[in-house]
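Student: Any chance you could fold what I've pasted below:
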Amino acid sequence: MHKVRPDFNQLQASRPKFRQDAEVTCTQPPNVDWKNGDGANDGGESLKKDHVEINPYAEGRPSAYNYKLLISGMTPRPIALVSTKSLDEKTTNLAPFSYSQVVCHDPPTFVVGFAGSLEKAKDTLKNLNETKECVINIISEHFIEAANATSVNAPYGHSEWDTSGLTQAPTSVVKPARVKESVLAIEGKLVEIKEIESRSNPGTTSSVMVIIEGVRFWVREDAIDEAQSVIDLKVLKPISRLGGISYGRTTEVMELPRPEF
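Tutor: Here you go, the predicted model:
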């Protein structure tokens, strides 16, 4: 039997209201007395639990199950709100991607994952492949609804800028605009594109990995320190991607010094 899902609007209305004034706090770690060799801080409770082995390529296992497992387990994930422009510069595109991460600082290097293939590339990937440039905008609490709106499955040529109501701001090295509302935006140049072959449908491409080099940073003045080396989390208030349609916010952190041998 299919589980009956509650009406989303009713469910949303029953939840606590979003706290705009929620402050970022720093707590102690779970075990302030932890010392080398102590292991987990749960008193051994996790050792009492068994694990289930899952073969991602098991016969009859849909690849969609692996997708759901990974996006619900590999959390939180940063979201790259990518701005691109078509080769003829007549159309613009803005879309969020949670298969994204920074992988190097010298040079500043980022990866973004796209579903599908180059042959059937959607707007952002098509533009990026043809123009070799983009802007990666980091999503904050103050424009999460607008950023989410850019995930709409609009036809090619429709600008998500209009759908979102976000503001285009000038860039220095690349042609696509950056999101003015974004506390951190990164102008990027394409380094490499790699198509990934599907395991469930051999001979076809399931996704595309794109490597991008950051060539300019744009940081809001009230978020950057004097040395221009640290961004204030209390100003950034980043939004992360979780499983399903869930997003996360960072309002509580802890500090743990890196050990020396």
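Student: For the chain, give me the ranges with low pLDDT.
Tutor: Applying pLDDT under 70 to the chain flags the ranges 1-5.
Student: in it, which helix has the most residues?
Tutor: Longest helix in the chain by number of residues (criterion: DSSP state H): helix 63-73.
Student: Send me that helix as PDB with only the CA atoms.
Tutor: The C-alpha trace of helix 63-73 is given here as PDB (Å, rounded to 0.1, in the frame of the first residue of the first chain):
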ATOM      1  CA  SER A  63      19.700   3.700  -9.700                       C
ATOM      2  CA  ALA A  64      17.200   6.100  -8.200                       C
ATOM      3  CA  TYR A  65      17.600   4.300  -4.900                       C
ATOM      4  CA  ASN A  66      21.300   5.100  -4.900                       C
ATOM      5  CA  TYR A  67      20.400   8.700  -5.600                       C
ATOM      6  CA  LYS A  68      18.000   8.900  -2.600                       C
ATOM      7  CA  LEU A  69      20.500   7.100  -0.300                       C
ATOM      8  CA  LEU A  70      23.400   9.400  -1.200                       C
ATOM      9  CA  ILE A  71      21.600  12.700  -1.000                       C
ATOM     10  CA  SER A  72      20.100  11.700   2.400                       C
ATOM     11  CA  GLY A  73      23.400  10.400   3.700                       C
END
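Student: how about it: buried residues?
Tutor: Ile71 (16 or more other Cβ atoms under 10 Å). In short, each C-beta sits where N, CA and C put it, glycine included.
Student: which non-adjacent residue is nearest Val174?
Tutor: Nearest non-adjacent residue to Val174, counting by Cβ to Cβ, 6 or more residues apart in numbering: Glu133, 4.0 Å away.
Student: and the gap between the one you found and Ser46?
Tutor: Distance of Glu133 to Ser46, given as Cβ to Cβ, to the nearest Å: 46 Å.
Student: Name the residue in these two with the higher neighbour count.
Tutor: Glu133 (21 against 10; other Cβ atoms under 10 Å).
Student: do you know how far the more buried one is from Lys189?
Tutor: Distance, Glu133 to Lys189, using Cβ to Cβ: 6 Å.
Student: Quickly list what's touching both of these two.
Tutor: Among the neighbours of Glu133, those also in contact with Lys189 (Cβ atoms under 8 Å, 6 or more residues apart in numbering) are Val173, Val174.
Student: element containing Val82, please.
Tutor: Using DSSP states H and E, Val82 sits within strand 80-85.
Student: And for Leu118?
Tutor: Assigned by DSSP H and E, Leu118 falls within no helix or strand.
Student: got the contact list for stretch 160-173?
Tutor: Contacts of stretch 160-173 (Cβ under 8 Å, 6+ apart): 92-95, 133, 135, 143, 146-147, 149-150, 152, 154, 177-181, 185, 187, 189, 215-216, 218.
Student: Quick one: buried ones out of those residues?
Tutor: With neighbours counted by 16+ other Cβ under 10 Å, those contain buried members at 92-95, 133, 135, 143, 146-147, 149-150, 177-179, 181, 185, 187, 189, 215-216, 218.
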